[in-house]
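In: A predicted structure for the sequence below; I have some questions about it.
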Amino acid sequence: MRYFRKMTGERLYLSPVNEDDAGIYARWMNDEAVAVNFGQYPYTVSSKNELKWLFELDEGIQRYAIVLLDGDVMIGVVSLQNIDHRNRNAFIGIFIGEAEHRNRGYGAEAVRLILNYGFNTHNLNNIMLSVHADNRAAIACYKKAGFKEAGRRSEWVFKDGRYIDKIYMEMLEREFNKR
Ligand SMILES: CC(C)(COP(=O)(O)OP(=O)(O)OC[C@H]1O[C@@H](n2cnc3c(N)ncnc32)[C@H](O)[C@@H]1OP(=O)(O)O)[C@@H](O)C(=O)NCCC(=O)NCCS
């Protein structure tokens, strides 16, 4: 069995990542559309070794493959990271690897599943994320999932020869469970 249905939504489920997918992840980390926004573009990713961060989990990280229910196709990764149980907060990160799978609502569905897991299994109170200000699809996806802007850092990332702001977005447990 390559994937396990740990959290199941309408069209997809979240499964522990599988190291046999290292080659697929390496391809995605070399795809500019994914890597630029995911912060991996300045680095060389050529082998399983350089993808260790994807497979290394500890108490502060929960990372899941996003898998379509239809055909068990793995389309990306979503993580809950920097989990702080004392203060009950964490960050999330996500990417959908293939362009053909983006803008079809899978991102928002995966985000809702990991939020539900964070709030209602891990008893977190505040989950936040950061996104480059020019990443309009990601911002639209996060707003759709219920995130609100919480602040911004000016000229934070150097990209294509210019500086881009970084936007912080957050959601509280009570806001999520009211929706
Ligand atoms: C960000 C990402 C995970 C979103 O996943 P997704 O499955 O494409 O997201 P969704 O389909 O749920 O939502 C995307 C929304 O953006 C909208 N959108 C797409 N391009 C847009 C643009 N240029 N301007 C404004 N909105 C845009 C889509 O129409 C859609 O909204 P809708 O459902 O209301 O029509 C995915 O695009 C991705 O992996 N991108 C590359 C890596 C990345 O940026 N990761 C996030 C780093 S913070």
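Out: Noted; the coordinates are in hand.
In: how about Leu57, secondary structure?
Out: coil (DSSP: H, G, I helix; E, B strand; the rest coil).
In: can I assume it is in contact with Arg63?
Out: Yes - counting by Cβ atoms under 8 Å, Arg63 is a contact partner of Leu57 at 6.1 Å. Any C-beta I mention is one placed from the backbone N, CA and C, and that applies to glycine too.
In: So which elements touch the helix or strand harbouring Arg152?
Out: In this structure, Arg152 sits in strand 148-159 according to DSSP states H and E. Using 3 or more Cβ pairs under 8 Å, 6 or more residues apart in numbering; DSSP states H and E, the elements in contact with strand 148-159 are strand 126-132, strand 162-172.
In: Tell me if the last one is near the ligand.
Out: No - with Cβ under 6 Å from any ligand atom as the criterion, the ligand is not reached by strand 162-172; the gap is at least 9.2 Å.
In: so how far is that strand off the chain centroid?
Out: 14 Å (Cα atoms, centre = their mean, to the nearest Å).
In: Adjacent strands (with direction) for it?
Out: strand 126-132 (antiparallel), strand 148-159 (antiparallel) (DSSP bridges).
In: just these: most buried one?
Out: Among the strands paired with strand 162-172, ranked by average contacts under mean count of other Cβ atoms under 10 Å, first place goes to strand 126-132 (a mean of 20).
In: That one vs the ligand: in contact?
Out: Yes - against the ligand, strand 126-132 shows contacts by Cβ under 6 Å from any ligand atom at Val131.
In: following that strand, which helix or strand comes up?
Out: Next along from strand 126-132, by DSSP H and E: helix 136-144.
In: any low-confidence regions in this protein?
Out: Residues of the chain meeting the criterion pLDDT under 70: 48.
In: quick one, helices of it?
Out: Under the criterion DSSP state H, helices of the chain are mapped to 22-29, 32-38, 52-55, 106-120, 136-144, 173-178.
In: Number of residues surrounding the residue of the chain found nearest the ligand?
Out: Here the residue of the chain nearest the ligand is Gly107; by Cβ to the nearest ligand atom that distance is 2.1 Å. Gly107 has 25 neighbouring residues, counting by other Cβ atoms under 10 Å.
In: Not counting its neighbours along the chain, what's nearest it?
Out: Cys141 (4.3 Å; Cβ to Cβ, 6 or more residues apart in numbering).
In: Would you agree the one you found is in contact with Glu109?
Out: No - contact criterion Cβ under 8 Å: Cys141 and Glu109 do not qualify, at 9.7 Å.
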